[in-house]
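[1] based on what follows, work out the 3D shape:
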Amino acid sequence: MSLRAEVLRLALRCLLKDRKGTQPDIAASRRRMETMKHLVPNPPKGTRAVRVTAGGVPAVRVTTPQSRDGHHLLYLHGGAYAYGAPTHYRDFIWRIADATGTSVLCIDYRLAPEHPFPAAVDDAASAYRWMLAEGAEPRRMAIMGDSAGGGLVFGALLKLRDDGAPMPAAAVALSPWTDLALTAESLRLNADSDPMLNADQAQVFTAWYLGGADPKNPYASPLYGDMAGLPPSLIQVGSDEILRDDAVRMADRLRSAGCEAELEIWPRMPHVWPLYARVLPEGRRAVERIGGFVRARLGS
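    Okay, the predicted model is just below:
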């Protein structure tokens with residue numbers, strides 16, 4: 001583990017991890033994120049970002065000189081289903097486009113509690129169908145997300161499969177939240193070691209998103225779904241995360257259903273560490289790994 005990673009862990013614990021027992025303040029968090037987005041570096045020259053409406057969903061399509069014609073990736077951002085937007089990922093999406101050789105569509109799906117489940121799932125599925133209607137071929141498509149967006153990857157895939165839509169060639173989930181019933185042992189075991197997330201607040205975020213829906217509904221908590229027919233998946237998670245077991249159990253569920261699933265547990269990495277690829281060598285290596293996985297399955 002690099003010295004930079006140790007420093008990042010300390011910084012995240014000091015800046016982002018809320019004290020035990022505190023309630024999340026959605027308005028304050030959104031204001032803070034709105035301010036922080038101005039600190040996100042712009043992508044390098046040659047990157048092209050175009051605002052589009054994907055099946056009624058606002059989105060940004062990002063391409064780089066490495067993006068190959070006809071190769072597409074749908075990206076679903078994290079934020080506990082209550083925060084986040086494509087602008088916060090300005091320094092990350094271009095890296096994924098570069099590494100995977102794709103055009104990346106990052107959608108601005110509706111957020112809870114104003115828009116509870118299944119709004120996010122419906123938006124993700126609508127954007128995917130729009131990509132198909134625009135001419136994207138499933139064998140040249142991937143879907144990817146982080147944290148809540150990582151769980152949304154599998155929830156959207158289950159809905160799309162059940163609706164008869166063709167599956168993409170690959171899926172990638174970074175530190176995915178796949179169990180809104182909150183049964184993972186790591187929520188307790190890693191409550192102190194996770195430098196960023198607070199397990200006590202998970203129930204609040206769950207209530208905001210579900211709005212009274214069953215927490216074991218497979219589209220909300222894909223861990224409880226039938227994985228048959230889902231595409232090859234790469235799941236990355238840090239060993240100290242409270243969501244570690246959400247990732248581990250999801251990989252097990254995929255394999256039990258006969259699906260290809262590669263699980264990587266990175267020692268002491270914080271939640272969704274690839275987002276810090278600009279400063280973190282482990283983040284850059286994780287992005288390279290994602291790129292190799294997606295390129296191998298999308299082909300040339």
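[2] show me what the helix or strand where Val7 lies is packed up against.
    In this assignment (DSSP states H and E), Val7 forms part of helix 3-15. Applying 3 or more Cβ pairs under 8 Å, 6 or more residues apart in numbering; DSSP states H and E, one finds that helix 3-15 contacts helix 281-298. Yep, even glycine has a C-beta here, placed from its N, CA and C like the rest.
[3] list the residues that contact Ala296.
    Contacts for Ala296 (Cβ atoms under 8 Å, 6 or more residues apart in numbering) come out as none.
[4] tell me which helix or strand Met269 sits in.
    Secondary structure (DSSP H and E) places Met269 outside all helices and strands.
[5] excluding chain neighbours, what is closest to it?
    Gly238 (3.6 Å; Cβ to Cβ, 6 or more residues apart in numbering).
[6] residue contacts, that neighbour?
    Counted by Cβ under 8 Å, 6+ apart, Gly238 has contacts Ser175, Arg244, Ile265, Trp266, Pro267, Arg268, Met269, Pro270, His271, Trp273.
[7] tell me the bridge partners for it.
    Counting by DSSP bridges, Gly238 is bridged to Trp266.
[8] per-residue pLDDT, it?
    Predicted confidence (pLDDT) at Gly238: the value is 98.
[9] now do the helices in the stretch 1-150 of the chain.
    For the stretch 1-150 of the chain, the helices defined by DSSP state H, counting those that start in this stretch occupy 3-15, 26-36, 90-100, 119-133, 148-162.
[10] which of these is buried the deepest?
    Among the helices of the stretch 1-150 of the chain, helix 148-162 has the highest mean neighbour count (mean count of other Cβ atoms under 10 Å), at a mean of 26.
[11] packing partners of the helix or strand following it?
    Using DSSP H and E, the helix or strand that follows helix 148-162 towards the C-terminus is strand 170-174. Applying 3+ Cβ pairs under 8 Å, 6+ apart, we find strand 170-174 packed against strand 141-146, helix 148-162, strand 233-238, helix 281-298.
[12] distance between the third one and the chain's centre?
    Computed by Cα atoms, centre = their mean, to the nearest Å, the chain-centroid distance of strand 233-238 equals 10 Å.
[13] just to revisit the earlier point, list buried residues within the contacts of Gly238.
    Buried by 16 or more other Cβ atoms under 10 Å: Ser175, Arg244, Ile265, Trp266, Arg268, Met269, Pro270, His271, Trp273, out of these.
[14] the second one: what's it in contact with?
    Yep, that's Arg244 we're talking about. By Cβ under 8 Å, 6+ apart, Arg244 lies in contact with Ala184, Ser186, Asn190, Val237, Gly238, Ile265.
[15] mean pLDDT for the helices of the stretch 1-150 of the chain: which is lowest?
    Looking over the helices of the stretch 1-150 of the chain, mean pLDDT reaches its minimum on helix 26-36, with a mean of 83.
[16] out of the helices of the stretch 1-150 of the chain, which comes closest to Phe205?
    Nearest to Phe205, of all the helices of the stretch 1-150 of the chain, is helix 148-162, at 8.1 Å by Cβ to Cβ.
[17] now do that closest one against strand 170-174, angle only.
    Using axes from the mean of the first three to the mean of the last three Cα atoms, to 10 degrees, one finds that helix 148-162 and strand 170-174 are set 150 degrees apart in direction.
[18] state the distance from the residue nearest to Met269 to Ile290.
    According to Cβ to Cβ, to the nearest Å, Gly238 and Ile290 sit 15 Å apart.
[19] pretty sure Thr226 contacts Leu254?
    One thing to correct before we go on: residue 226 is Asp, not Thr. No - with contacts counted by Cβ atoms under 8 Å, Asp226 stays clear of Leu254, the gap being 10.8 Å.
[20] of these two, who's got more company?
    A count of neighbours by other Cβ atoms under 10 Å puts Leu254 above the other of Asp226 and Leu254, at 24 against 13.
[21] related to what we said a few turns ago, of all the helices of the stretch 1-150 of the chain, which one comes closest to Leu298?
    Here helix 90-100 is closest among the helices of the stretch 1-150 of the chain (Cβ to Cβ), at 7.5 Å.
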